[in-house]
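Undergrad: Build the 3D model from these lines:
(chains A and B)
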Amino acid sequence: MKMNFDERSAYEKMKSGVLTSTGFLGHDTRPLTDIIAADEELFKALGLDFDQVADRLQELAARGAEGLGEPITVDGLYLVKSDEARGRLPCPYGDGLYHKNSVSVERGDDRIIYSDLSLHLLRVHHFCQGQGSPFRLDPVVLKRICF
Amino acid sequence: MNPLLLGPLVVALISSILALIISITDRIVNDYGEVTIDINGGKKVLTVKGGSPLLGTLAFQNIFVPSACGGRGSCGACKVQVLSDVGPHLPTELPYMNPEEVARNVRLSCQVKVKQNIAIELPEALFNVRKFKTTVERLRNVTYDIKEVYLRLSDEAIAAGGISFTPGQYAQLVVPPYGDLKESIQRAYSMSSTPQDKEHIELLVRLVPGGIATTWVHQYLKEGDTVEVVGPFGEFGVRDTDAVMVFVAGGSGMAPFKSMLNHMAQTGQWTNREIWYFFGARSKRDMFYLDEMADLATRFPNFHFVPALSEPKPEDEWNGPVGLITNVLDSYFKEKISKDKPMEGYLCGSPGMIDACVKVMTANGIGQDKIYFDKFA
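TA: Coordinates of the predicted model:
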């Protein structure tokens, strides 16, 4: 699927070393539109809703923030660690600026890492990040972790 | 001549001529000549070559405005008030500005080009900021995710007097291009060394998943490597009063307090003041410098160190306070810290941790204006 100008511009900013060291694309070589389309299909097949998942992750992040920077057990199921760093990160699509943070959520053998920017990308742009990105929110893992 | 060769040759010739025209035009059109930068109403006047961004132009003159992204307009840290007209704010600047800053013509110095004489306002402390060449003398894991980075200044820097700073200030580590990082960036870390050791800078760096600088420190940096550091920056530090000091930190937030406490041990300053230091971690593997702090507490009866674990493991065999550091802090305020003397709060950590601690401190009698902090964000 071809990318329009805005998508191409966002795609360039998502490459490693531009906004973050590892970027947002991992080792995924597919165009941005294809990554998003594939994950949207997977979300549908799994019965997931982007807003619903983003809400749940936001809630876990808020609970993790109660650990004041140290890992904290949430609901007896999750180990949540909320980190914050100096500075802010712009959204690659150019529609917002987000504090640099990272929230790691572990449930059993599954672990995801996300940030305020990841949640914005998920909720607004339906972008779960490319395969191999450390911040990828894989729909299958999301389903196991969130519900 | 072979027509197959002629085509590419003609194209190459035309391209070369066009490149030459562009280059000559660029030199004529973009030659701003020498311009002056007036800093703080004539306190410093620099004559510089025009045409480059203000941030880089100042750095070339050894005036270092804090910046984290290396001038790419993505961190919003390099704010400078510009008193002369340099045109309207750019779309790349506005997301980082509040209306009051826009009204005062605060600009991102990496986005403003010096094309004519300009006047700016800078905090005078920035005149003392220098760029140091250093060598990594020691790298030590103090926990599984926090490294102690001990840097030795170059012989030239030491001969010039080394680094001067006050405990609590921070420095910016210059991260060179590595892996996929194509341009150098800078990241700020509180110094954990003391001002008495003018030949070294020590930093505590906690690994942040996906973090450019922390990944570099934890996975690429080696002893013997050369590293550039810019500093000192910041206004966080001990106030000159007799008030009881209440320090709270977690993780790498230990750094400024280690500097303050070792400064106290080396100089005898503040030893007459009561100091309470609350340090939070989840389990024992996240805790560090316990022996050093216990030693200070033994030597200085007015210093009380309170390490607390939020979720100790059975194997930790932890006998100290358990709970979130805010809860431990609150219980100590109610049961152990005398409120006969005025108190001051000193905090270093994430914005969430600081906000939570400020609530506990204000609820226990410390005025908001007596709480000082170094927010990571």
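
Undergrad: need the helices for chain B, in chain order.
TA: B:3-29, B:54-60, B:99-103, B:155-159, B:212-219, B:254-267, B:290-299, B:325-335, B:351-363 (DSSP state H).

Undergrad: ugh, typo on my part, it should be chain A
TA: A:5-14, A:32-46, A:50-65, A:116-125, A:139-146.

Undergrad: Quick check: residues of the stretch 251-377 of chain B near chain A?
TA: Contacts of the stretch 251-377 of chain B with chain A, taken as C-beta under 8 Å from any C-beta of the partner chain, map to B:251, B:253, B:280-282, B:286, B:310-311, B:324-326, B:349-353, B:356-357, B:376-377. No exception for glycine: its C-beta is placed from N, CA and C like everyone else's.

Undergrad: What is the neighbour count of residue B:16?
TA: Using other C-beta atoms under 10 Å in any protein chain shown, residue B:16 has 10 neighbouring residues.

Undergrad: Distance of it relative to residue B:326?
TA: Separation of residue B:16 from residue B:326 (C-beta to C-beta, to the nearest Å): 68 Å.

Undergrad: Could I get the buried residue list for stretch B:155-167?
TA: For stretch B:155-167, the neighbour count (16 or more other C-beta atoms under 10 Å in any protein chain shown) marks B:157, B:162, B:163, B:165, B:166, B:167 as buried.

Undergrad: Stretch B:266-286 too?
TA: Buried residues in stretch B:266-286, defined by neighbour count with 16+ other C-beta under 10 Å: B:270, B:273-284, B:286.

Undergrad: average pLDDT across it?
TA: For stretch B:266-286, the mean pLDDT works out to 93.

Undergrad: And it, how far out from the chain middle?
TA: Averaged C-alpha coordinates place stretch B:266-286 at 21 Å from its chain's average position (C-alpha atoms, centre = their mean, to the nearest Å).

Undergrad: picking that back up, between the helices of chain A, which gets nearest to chain B?
TA: helix A:50-65 (4.5 Å; C-beta to the nearest C-beta).

Undergrad: Wondering if that closest one reaches chain B at all.
TA: Yes. Under the criterion of C-beta under 8 Å from any C-beta, chain B is reached by helix A:50-65 at residue A:65.

Undergrad: tell me what the lowest-mean-pLDDT helix or strand in chain A is packed against?
TA: The helix or strand of chain A with the poorest confidence is strand A:78-90; it has a mean of 80 (mean pLDDT, DSSP states H and E). Contacts defined by 3 or more C-beta pairs under 8 Å, 6 or more residues apart in numbering or on different chains; DSSP states H and E place strand A:78-90 against helix A:50-65, strand A:72-74, strand A:97-107, strand B:185-190, helix B:351-363.

Undergrad: ok, and which of these has the densest surroundings?
TA: With neighbours defined as mean count of other C-beta atoms under 10 Å in any protein chain shown, the helices and strands packed on strand A:78-90 peak in mean count at strand B:185-190, which reaches a mean of 25.

Undergrad: what is the orientation angle of that strand with strand A:78-90?
TA: Taking axes from the mean of the first three to the mean of the last three C-alpha atoms, to 10 degrees, one finds strand B:185-190 and strand A:78-90 inclined to each other by 120 degrees.

Undergrad: Quick check, pLDDT for residue 97.
TA: Using chain A. Confidence at residue A:97, expressed as pLDDT, is 82.

Undergrad: That was the other one, I meant chain B.
TA: pLDDT, residue B:97: 87.

Undergrad: So it versus chain A, what's the distance?
TA: 11 Å (C-beta to the nearest C-beta, to the nearest Å).

Undergrad: go on, residue B:148?
TA: According to C-beta to the nearest C-beta, residue B:148 stands 18 Å off from chain A.

Undergrad: Identify the bridge partners of that residue.
TA: Going by DSSP bridges, residue B:148 is paired in beta bridges with residue B:140, residue B:204.

Undergrad: wait, it sits on residue B:139?
TA: Yes. When contacts are counted by C-beta atoms under 8 Å, residue B:148 is listed as touching residue B:139 (7.4 Å).

Undergrad: Comparing these two, which shows the higher neighbour count?
TA: Comparing residue B:148 with residue B:139 by other C-beta under 10 Å, the one with more neighbours is residue B:148, at 21 against 18.

Undergrad: For the more buried one, give me its contacts.
TA: Residue B:148 sits next to B:138, B:139, B:140, B:141, B:142, B:192, B:202, B:203, B:204 when contact means C-beta atoms under 8 Å, 6 or more residues apart in numbering or on different chains.

Undergrad: tell me the pLDDT at it?
TA: Listed pLDDT for residue B:148 reads 97.

Undergrad: Quick check, central residue of chain A?
TA: Centroid-nearest residue in chain A: residue A:118, 3.4 Å away (criterion: C-alpha atoms, centre = their mean).

Undergrad: residues touching that residue, list them.
TA: Residue A:118 makes contacts with A:129, A:135, A:137, as judged by C-beta under 8 Å, 6+ apart.

Undergrad: domain parsing for chain B?
TA: Annotated domains of chain B cover B:34-126, B:129-233, B:244-375 [automatic domain parsing].

Undergrad: Which of those domains sits closest to residue B:22?
TA: Residue B:22 sits nearest to domain B:34-126 of all the domains of chain B, at 15.9 Å, using C-beta to C-beta.

Undergrad: pLDDT weak spots in the chain?
TA: Because you didn't say which chain, this covers chain A. Applying pLDDT under 70 to chain A flags residues A:1, A:85-87.

Undergrad: that's the other chain; I wanted chain B
TA: For chain B, the stretches with pLDDT under 70 are B:1, B:29, B:375-377.

Undergrad: so residue B:330 makes contact with residue B:364?
TA: Yes. Judged on C-beta under 8 Å, residue B:330 makes contact with residue B:364 at a distance of 6.9 Å.

Undergrad: Now for residue A:143: which residues touch it?
TA: By C-beta under 8 Å, 6+ apart, the contact list for residue A:143 reads A:46, A:48.

Undergrad: Check the gap between it and residue B:96 for me.
TA: Note on residue A:143: its distance to residue B:96, by C-beta to C-beta, is 37 Å.

Undergrad: ok, back up a step: what strands line up against the least confident helix or strand of chain A, and which way round?
TA: Strand A:78-90 has these strand partners (DSSP bridges): strand A:72-74 (antiparallel), strand A:97-107 (antiparallel).

Undergrad: Kindly report the residues of the stretch 51-200 of chain B close to chain A.
TA: Within the stretch 51-200 of chain B, the positions near chain A by C-beta under 8 Å from any C-beta are B:68-69, B:74-77, B:95-96, B:177, B:179-183, B:187-188.

Undergrad: Make a PyMOL selection of the buried ones in those.
TA: To isolate the buried ones among those in PyMOL, judged by 16+ other C-beta under 10 Å, type:
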select buried, chain B and resi 68+69+74+75+76+77+95+96+181+187+188
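
Undergrad: hang on, the earlier thing: any idea which of the helices of chain B gets closest to residue A:16?
TA: The closest of these to residue A:16 is helix B:212-219. By C-beta to C-beta, the value is 9.8 Å.

Undergrad: mind putting the strands paired with strand A:78-90 in TSV, distance to residue B:113 included?
TA: As requested, the strands paired with strand A:78-90 are exported to TSV (distance: least, C-beta to C-beta, whole Å):
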stretch	distance to residue B:113
strand A:72-74	47
strand A:97-107	23
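
Undergrad: show me the contacts for the nearest residue to residue B:193 once chain neighbours are set aside.
TA: Excluding its sequence neighbours, the residue lying closest to residue B:193 (C-beta to C-beta, 6 or more residues apart in numbering or on different chains) is residue B:202, at 3.8 Å. With contact set as C-beta under 8 Å, 6+ apart, residue B:202 has these partners: B:148, B:149, B:150, B:151, B:191, B:192, B:193, B:255.
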